[in-house]
Structures are given as C-alpha cells and as structure tokens.
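# Coordinates for the following, if possible.
(chains A, B and C)
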Amino acid sequence: MPELPEVETIARGVDQRLRLDRIVDAWFSSHPQPFKTPRTSQAKGLAGRIILGVHRTGKHIVCELGPAAPPNPSATAQPWEGRAAAPSKTKAHAQPDAQWIVHLGMTGRLLVTTPDEPIAAHTHARLSLLSGRELRFVDPRRFGRLEFRELDLRDRGSTGAFHAPGAEPLSIDADEFAALFRGRKLAIKAALLNQTLLAGVGNIYADESLFHAAIRPRRAAGRLTRAELERLRQALRNVLQQAIKLGGSSVSDYVDAGGARGFFQLEHCVYLRTGEPCRRCGTPIRRILLAGRGTHFCPRCQR
DNA sequence: CATTTCACCTGGTGGC
DNA sequence: TGCCACCAGGTGAAAT
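Purely as a prediction, here's the structure:
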C-alpha cells in the first residue's frame, strides 16, 4: 500500500513509540517469502538489541539498532523489569551497529501493539519489547520484505548505512531532477515509478503529481520541457508533503503504526476516480493501462 | 543497456 | 448465496 508518505508516517510513528526501547525476543512466521535474511538469523540478530531510532529511505523503513549487551555494566545486573522505554544517557549515545529494514510491499503493516491485542491473520513478525509492547509486521499478500544486517566497521554509527538507490523526491533540486529523465524514451509515469531514479513514488502519487503538473502520463520522459519538469518536481513535492501532513492515503486498508487511518485519499484528484468529474474542469477522469498499472488522468487538464 | 511484461500473493468488489 | 473476472498501494526477474 505504502508509498513515501505512508512509509514516512509509519516510520515516524514507530520512532516516537519505540525509540530507546529494547527488543527482548523475535518471532517469525514460517512463510519463506517475507524474509530477505533467513528468519533464524533475524531472530538471533535482533534479540536483546536496543532501538536507537527509526527512519525512512525511499519506501524502506530502517530501524537503527545498538548492541544487545547494555554498554553500562551496572545495567547488566538489573533485571529487565522496566515498563517504560526508560532512556539512559549511555543508551542515548550508543552508535548503531545493525539495522532491521522493513519493506511493506503492497499490503504490509507495521504496528506497535500491546501483547494482548489479538494476532491478525497474516502476521509474519512479532518483536516483543522491554516496555511490554510488541512491534508486529502483518502482510496478507507477502510482497513485503524483512532484512537484518550487521553494519561493518566502516558503516558503524552512520544512520545512512542503508540508502534506497534512487533520489529523494522531497530534497532533489531542479537540475538533478531534470537530469534523471534526459534522453529517456519511456513514459514519464513509468519513469516516476522507477525506484532507481526516484525513491518512494508509487502509483497514487505518480498519478496525482502528473495531474497537478498538467502533464499526460504517456508523454515521453525525455521530451518534457524544462518548465514542465520543474512543474512536475514541485507538484510532486507539494503532493508528498501534503500527504505526509494528512497521515497518508488510506485507500483500502492502510493504517499507521498506531492503527490510525490517513486522510489524503480525500484530496485525490484522479487516483481511483475513473469516470468522476475532474475537480478542476468537470471532464470525466479517464483510466488507461500504463506500465502494467492503472493510470488515471484528466484528458482536458493534462497535455 | 533501456524498456516492457509477467509472476509473485490474498482479498475485496461488482456482475450475473 | 455462489462463482467468476477483475482490481488493488510493489518489485525484481525474464523477455524483448
């Protein structure tokens, strides 16, 4: 489900709730698909580690993890009875030396729950935490992926050790943005969806940003004028920022880390509005197939 | 190399 | 109610 705004919302929600909490134990389902790193390695690698912070890159959620053994020897002697994610100065200064990387695929959810919360169907991971809560990964279609990696010495302490390959649409400048599409013959919509060019744009925000930039999805990426590309860059940035403000788009079942729905679906101008009147000109929104994806646009506003 | 197509999954919806 | 076709936020491998 999740594109950049949804993934950002979830990452922030998990970060707020679980920063400086500690993973006590990890359970995983027996389905093989979600595990980019073998389940057993993940379970072994995660157990006992502290969560130093959680952030987004592209459509990936990255949990920065610290050592399993508390750096303060006196803390080792204390039983793990703390209920809150009680931060201590030593913990706060610890450097990440491992990462848990979550990709939600189409239907993945990452939820912070109480342990008594009923286990949803298609739950593939449950991390129990020192605070008594759980971090759960639920994914009916199993397109999501979980990965655990230890950082080598070179990457220690740098929160950027894992990067999505493409550029970040919220921070890319006009020159870099234009360069991404130069000489390319594929449709601009297909280019927007290519994660090695731009990281984080999916079907909803590709369609919505092309509408706001008044550009037809089928236009060849390399044939757009500099002015059109700049319109597109700003439209994309505005749409993504607004969507983050509204907690993402809940089209069918998206919810954030606390189970709350987003509201940006109320602002959609074209996505899943086939046949409905364009919000700007009243012309019925058209749907075509492009790059194998449903593609929605206004035939009058978008040229 | 650039680009397109398809397989991977389950579930919801709407037509008959 | 059942059955079926079609649709769905993503991506990576295979084909072109």
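
# isn't A:Ser41 right up against A:Glu150?
No: between A:Ser41 and A:Glu150 there is no contact under CB atoms under 8 Å: 9.6 Å. For the C-beta atoms, the positions are set from N, CA and C on the backbone; glycine is no exception.

# Show me which residues of the stretch 201-303 of chain A sit near DNA strand C.
Residues of the stretch 201-303 of chain A lying close to DNA strand C (CB under 7 Å from any atom of the strand) are A:202-204, A:248-254, A:272, A:287, A:292-294.

# how close does A:Thr159 sit to DNA strand C?
Distance of A:Thr159 to DNA strand C, computed by CB to the nearest atom of the strand, to the nearest Å: 20 Å.

# I'd guessed that residue sits against A:His55; true?
Yes: counting by CB under 8 Å, A:His55 is a contact partner of A:Thr159 at 6.9 Å.

# Overlap in contacts, the two.
A:Val62, A:Glu64 (CB atoms under 8 Å, 6 or more residues apart in numbering).

# burial measure for the residue of chain A found nearest DNA strand C, as a count.
Here the residue of chain A nearest DNA strand C is A:Gly202; by CB to the nearest atom of the strand that distance is 1.9 Å. Neighbour count for A:Gly202, taken as other CB atoms under 10 Å: 21.

# I'd say it and A:Pro5 touch.
No: between A:Gly202 and A:Pro5 there is no contact under CB under 8 Å: 9.7 Å.

# In contact with A:Ser158, which residues?
Contact analysis of A:Ser158 by CB under 8 Å, 6+ apart lists A:Pro96, A:Leu151.

# Give the pairing partners of the helix or strand hosting A:Cys63; include direction for each.
Per DSSP states H and E, A:Cys63 falls inside strand A:60-66. Neighbouring strands of strand A:60-66 in its sheet, by DSSP bridges, are strand A:50-57 (antiparallel), strand A:98-103 (antiparallel).

# Distance to A:Leu210 added to those, as CSV?
Below are the strands paired with strand A:60-66 laid out as CSV (distance: least, CB to CB, whole Å):
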stretch, distance to A:Leu210
strand A:50-57, 23
strand A:98-103, 25
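
# one step back: contacting residues for the residue of chain A closest to DNA strand C?
Counting by CB under 8 Å, 6+ apart, A:Gly202 has contacts A:Pro2, A:Glu3, A:Leu4, A:Lys59, A:Leu193.

# Wasn't A:Phe211 part of a helix?
Yes: applying DSSP: H, G, I helix; E, B strand; the rest coil, one finds A:Phe211 inside a helix.

# Do I have it right that it meets A:Phe297?
Yes: assessed by CB under 8 Å, A:Phe211 is found in contact with A:Phe297 at 6.4 Å.

# Need the residues touching each of those two.
A:Val270.

# List the buried residues for stretch A:105-119?
Buried residues in stretch A:105-119, counting neighbours by 16 or more other CB atoms under 10 Å, are found at A:Gly105, A:Thr107, A:Gly108, A:Arg109, A:Leu110, A:Leu111, A:Val112, A:Thr113.

# scratch that, stretch A:263-275 is what I was asking about
Buried-residue list, stretch A:263-275, by 16+ other CB under 10 Å: A:Phe264, A:Gln265, A:His268, A:Cys269, A:Val270, A:Tyr271, A:Leu272, A:Arg273.

# and the end-to-end length of that stretch?
22 Å (CA to CA, to the nearest Å).

# dump the residue contacts of A:Ala121.
A:Ala121 neighbours (CB under 8 Å, 6+ apart): A:Val138, A:Pro140.
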